[in-house]
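Novice: From the sequence below, what's the structure:
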Amino acid sequence: MQFFPLSATPAKDLILDRNVFFEAEGVFRTIPSRMMLTAPHGLVIADGGIVFRKQQRIVADGGKVWLLGEGEVPVPDRLLRPIEDRVSHENAIVLGFHNRIYENIGHFIADQLPVLNWDQKLWDAGFRRIVVCLVRLEMLQDRIRELIATFSKLPFEVVFEPLAGRIRLKHAFIPQAVSRHPMGKSRALPDLIRRASLGAGSTAPTARAIYVSRLDASDRRPFDEPDLARAFEDRGFRTVRASELNVEDAARVFGAADIVVGPLGAALGHMIYCRPGTRVLFFTPENANGGWFHTLGELFGLETLTYYTPTIETGPKIRFSLDFPVDRERLFAAVDAFSKGMG
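Specialist: Coordinates of the predicted model:
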């Protein structure tokens, strides 16, 4: 296994102020928040394989075995069965291995897409295929293909391994430190987005204020969201479902907005298309955190506000994926204050 550098800029840890509104108390506060600027690099496997084991990632190459993050380690033989009968990929860039995508376009944008900032360097090193692991939804696969084609003009073949428990690899690149979830993101992402000059090819309707809905999501939705969306529309917002937007449309819609509001979720990852200075408010139960959206906002020069509803207590385990109530009167008051520069 060989080290393959990407970024020439070292990683950096920062502590920045994060603007938060606490619904239960009805107050704005500024709290310190950690932000990590990552230094992407990668590992090149000559001839070996990768194995997923719950949250662990195992790499085998040249008779040696590594557990990512821990170095060379002994691994049970059952996880390293002969690799001849495995799915095989050669000259490949492997995405979704070190950081999972979780069937989530936001995680792909924030945690995988920055690799394309070095597409020419990787192409020149002989990599011709992009293998995306553990993405099963066809709609998401289509969107990922579109993102790769948009942000790299090189003719990479894109393939998906939705059940990638074990993959054999020959001359393969595994990105590292592109993202350190949740607070670590790459400085390469803003450069990549701005270089593409998107939006001119779209005729999608725009608005100065948009509400990013989770009406088509399966979890973490505000109660009675159809009515909440209508209430935002009554206040001059346009409701947007990001799943209905292609890349050009998303760039146009988010790029035209002065304020973006929505429940915490993958669709808000499209804030990468917002102009510097755009205000982005996301609301969520406090235990869901959402700090990585604040990190994205800092990278792109956006003004962000986290609106915390009370944590939903569900017994021994607190689930942050549950639908949740929100005090509309306080939410709208916070949105009004935020749009005027408060908070």
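
Novice: show me the contacts for the residue nearest to the spatial centre of the chain.
Specialist: Nearest to the mean C-alpha position of the chain, by C-alpha atoms, centre = their mean, lies His107 at 2.4 Å. Contacts for His107 (C-beta atoms under 8 Å, 6 or more residues apart in numbering) come out as Asn99, Arg100, Ile101, His181, Ala266, Gly269. For glycine as for every other residue, the C-beta is placed from the backbone atoms N, C-alpha and C.

Novice: Assign the last one to helix, strand or coil.
Specialist: The reference is to Gly269. For Gly269, the assignment made with DSSP: H, G, I helix; E, B strand; the rest coil gives helix.

Novice: again with the first one
Specialist: Under three-state DSSP, the three-state class of Asn99 is coil.

Novice: Go ahead and confirm it touches Leu113.
Specialist: No - with contact defined as C-beta atoms under 8 Å, Asn99 does not count as touching Leu113 (11.4 Å).

Novice: Those two: who's more crowded?
Specialist: Leu113 (27 against 20; other C-beta atoms under 10 Å).

Novice: Distance check, that one against Val132.
Specialist: 11 Å (C-beta to C-beta, to the nearest Å).

Novice: For stretch 126-144, buried residues please.
Specialist: In terms of neighbour count (16 or more other C-beta atoms under 10 Å), stretch 126-144 has its buried residues at Phe127, Ile130, Val131, Val132, Cys133, Leu134, Val135, Leu140, Gln141, Arg143, Ile144.

Novice: So what touches that stretch?
Specialist: With C-beta under 8 Å, 6+ apart, stretch 126-144 has contacts from 52, 89-97, 100-101, 103-105, 108, 112, 148, 156-164, 167, 171-173, 243, 246-247.

Novice: ok so, going back, tabulate the contacts of His107 (a markdown table), appending distance to Leu6.
Specialist: Putting these into a markdown table (distance: C-beta to C-beta, whole Å) gives the following:
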| residue | distance to Leu6 |
| --- | --- |
| Asn99 | 15 |
| Arg100 | 20 |
| Ile101 | 19 |
| His181 | 18 |
| Ala266 | 25 |
| Gly269 | 21 |
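
Novice: Closest to Gln56 out of those?
Specialist: Of all those, Gln56 sits closest to Arg100, with 11.7 Å by C-beta to C-beta.

Novice: Contact partners for that closest one?
Specialist: His107, Cys133, Leu134.

Novice: thinking again about what came up before, report the buried members of the contacts of stretch 126-144.
Specialist: Burial by neighbour count, 16+ other C-beta under 10 Å: within the contacts of stretch 126-144 this picks out 52, 89, 92-97, 100-101, 104-105, 108, 112, 148, 156, 158, 160-161, 164, 167, 171-173, 243, 246-247.

Novice: Only alpha carbons, please: show the top helix by length along the chain as PDB.
Specialist: Taking DSSP state H as the criterion, the chain has its longest helix at helix 138-151. Only the C-alpha atoms of helix 138-151 are listed here, as PDB (Å, rounded to 0.1, in the frame of the first residue of the first chain):
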ATOM      1  CA  GLU A 138     -31.500   4.300  -8.300                       C
ATOM      2  CA  MET A 139     -32.500   8.000  -8.000                       C
ATOM      3  CA  LEU A 140     -29.400   8.700  -5.900                       C
ATOM      4  CA  GLN A 141     -27.200   6.800  -8.200                       C
ATOM      5  CA  ASP A 142     -28.500   8.900 -11.100                       C
ATOM      6  CA  ARG A 143     -27.800  12.100  -9.100                       C
ATOM      7  CA  ILE A 144     -24.300  11.000  -8.200                       C
ATOM      8  CA  ARG A 145     -23.500  10.200 -11.900                       C
ATOM      9  CA  GLU A 146     -24.800  13.700 -12.800                       C
ATOM     10  CA  LEU A 147     -22.600  15.300 -10.100                       C
ATOM     11  CA  ILE A 148     -19.500  13.500 -11.300                       C
ATOM     12  CA  ALA A 149     -20.200  14.400 -14.900                       C
ATOM     13  CA  THR A 150     -20.700  18.000 -13.900                       C
ATOM     14  CA  PHE A 151     -17.600  18.500 -11.800                       C
END
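
Novice: From the contact counts, what lies against the next helix or strand along the chain from that helix?
Specialist: Using DSSP states H and E, the helix or strand that follows helix 138-151 towards the C-terminus is strand 157-161. Counting contacts by 3 or more C-beta pairs under 8 Å, 6 or more residues apart in numbering; DSSP states H and E, strand 157-161 packs against strand 129-133, helix 138-151.

Novice: Surely Phe173 and Val44 touch.
Specialist: Yes - under the criterion of C-beta under 8 Å, Phe173 makes contact with Val44 at 5.5 Å.

Novice: Find residues that contact each of those two.
Specialist: Shared contacts of Phe173 and Val44, defined by C-beta under 8 Å, 6+ apart, are found at Phe4.
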